[in-house]
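Chemist: Sequence plus predicted model, see below.
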Amino acid sequence: MYQDAVLKAPAKAKPRPKSAVSHGAGLAGLFGVLTWVGLARRYGMDGPYAALVNLAACGLPMVLWSVFVDKVHRNPSTGIDWSARRPWRDTVETSLTKLAAFWITWLGIATIYFMGRFYWTGNFAFAMWCFTNAAPILFVASIPYVLWLDRYLVEPRDGAWHLGAWLTGQGGVDPDAIYGHLRAWGVKTFFLAFMLAIVPPGFGDFIRGDTAEILHDPAALANWLITFMFTIDVAFATVGYLLTFRPLDSHIRSANPFAVAWLAALMCYPPFILMSTGGPLDYHEGTRYWDFWFQYHPVVLALLGSVLVALTATYAWATMAFGMRFSNLTHRGILTHGPYAFSRHPAYLSKNLFWWLSTIPVLTMGTATDAVRATLLMMAVSGVYYWRAKTEERHLGLDPAYREYSAWMARHGLVPRLFARLRKR
């Protein structure tokens, strides 16, 4: 009888794989953002400098939490052995080779920015101002940083060293390591400029919001809160591109090696974006936003506005869950906590639901043909993000940790189980 009972007892559910980032890191960053935003609104600080301080308010608490609470610098994944300090004379040649690679890489990035005229107009001009002022500091600071870190690295001959060795005619060069180095810096080149460009506008719009008027208009209140959610998202994302350091275990372990993944990602951002006004996937022609269609129905405005705020909050939460590690097209540790305990791609899911509900493409100011066209284009946009998700899974799936997480998610994740049930029906 006892044996039968044991055999019939349900197997204990396998626990969710451990996340590479703690809840505390993201919450520390959120605390910093909320504190600074409160001060900025109190004193009317809505300019670009205040927006940059918001990045520091987000990043510094996460660094402190990660080092003193999570002690991420001790993680084996950093590739650092703090107990095995080498004499600097043993590593200085390696360090100088790497510094040559970094400086050549940065020169190449500067050349790309110089040739791209759009980088010097509009919001991108602010990003170029930031880079121009930061470049001398980065150049000088790189010297002691590399000389110091190489004394503790288990394997100091990384992609930067292989590039530097190739440039200086040394032997033992691995082309794949060079390609990995260039891909990682390619990600930072493209996305950091974009993120810095959009930091001041959203921050300023939220700080300038007049609560005396907003609180009496459900649509205005929802749009103001949506702006705040995106302000949080942009702050965490920008900090993620800035804080890529091994001692923080936030370095880029690998950049996506598949060209199709880069194609799927780049078409969602300027200057290659396909969804912008006049673009091939522009679904806005003949449409109006949600607050136009329901402007005479305050209850519907309040309900729909609440849903849209919740979706953008989920989107911001998904970015916050990365802590200091957010970045497109990279692997910087597998996330399994927060919204990633329910879905593999909570950001893409919430973002696309937001677009569908905020635009409602089946409603049109034009003809029925315009409504059909807008709906089909919106479906194509969602298809692009589904494609992006699959290319990311292909890259992350090279890591056994992600395969374990993906298998757990298929069995226990709320969203995958819901979709599986719908497919069966």
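Modeler: Yes, it's here.
Chemist: In contact with residue 359, which residues?
Modeler: 283-284, 287, 289-290, 374, 378 (C-beta atoms under 8 Å, 6 or more residues apart in numbering). Every C-beta, even on glycine, is put in place using the N, C-alpha and C of the backbone.
Chemist: Which of those fall in helices?
Modeler: Among those, the ones falling in helices (DSSP state H) are 290, 374, 378.
Chemist: my read: the first one touches residue 309, true?
Modeler: No: assessed by C-beta atoms under 8 Å, residue 290 is found out of contact with residue 309, at 11.8 Å.
Chemist: Okay, the closest residue in space to residue 103 that isn't next to it in sequence and residue 102: tell me how far apart.
Modeler: What sits nearest to residue 103 in space, not counting adjacent residues and going by C-beta to C-beta, 6 or more residues apart in numbering, is residue 139, at 7.1 Å. According to C-beta to C-beta, to the nearest Å, residue 139 stands 9 Å off from residue 102.
Chemist: Looking at these two, which is more packed in?
Modeler: residue 102 (20 against 13; other C-beta atoms under 10 Å).
Chemist: what about the more buried one, helix or strand, and which?
Modeler: Following DSSP states H and E, one finds residue 102 within helix 88-115.
Chemist: Now that helix: buried residues?
Modeler: For helix 88-115, burial by neighbour count (16 or more other C-beta atoms under 10 Å) applies to 91, 94-102, 105-106, 109, 113.
Chemist: Go through those and name the one nearest residue 41.
Modeler: residue 113 (33.4 Å; C-beta to C-beta).
Chemist: State whether residue 364 is indeed within a strand.
Modeler: No: using DSSP: H, G, I helix; E, B strand; the rest coil, the secondary structure at residue 364 is coil, not a strand.
Chemist: Touching, it and residue 374? I think so.
Modeler: Yes: using C-beta under 8 Å, residue 364 is in contact with residue 374, at 6.5 Å.
Chemist: Hmm, residue 46 is touching residue 201, no?
Modeler: No: the criterion here is C-beta under 8 Å, and residue 46 misses it with residue 201 at 10.4 Å.
Chemist: quick revisit: among the ones in helices among the contacts of residue 359, which one sits closest to residue 42?
Modeler: Nearest to residue 42 among those, with distances taken as C-beta to C-beta, is residue 290, at 31.3 Å.
Chemist: contacting residues for the closest one?
Modeler: 219, 301, 304-305, 308, 357-360.
Chemist: okay, the residues you listed in a markdown table with distance to residue 151 next?
Modeler: Listed next are the contacts of residue 290 as a markdown table, based on distance: C-beta to C-beta, whole Å:
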| residue | distance to residue 151 |
| --- | --- |
| 219 | 58 |
| 301 | 61 |
| 304 | 58 |
| 305 | 55 |
| 308 | 51 |
| 357 | 54 |
| 358 | 53 |
| 359 | 55 |
| 360 | 59 |
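Chemist: just the buried members of the residues you listed?
Modeler: Buried, going by 16+ other C-beta under 10 Å: 219, 301, 304-305, 308, 358-360, out of the contacts of residue 290.
Chemist: which residues sit in contact with residue 353?
Modeler: Counting by C-beta under 8 Å, 6+ apart, the residues that residue 353 touches are residue 311.
Chemist: For the remainder of this discussion, apply numbering that starts at 810.
Modeler: Got it, the first residue is 810 from now on, which makes the last one we talked about residue 1162.
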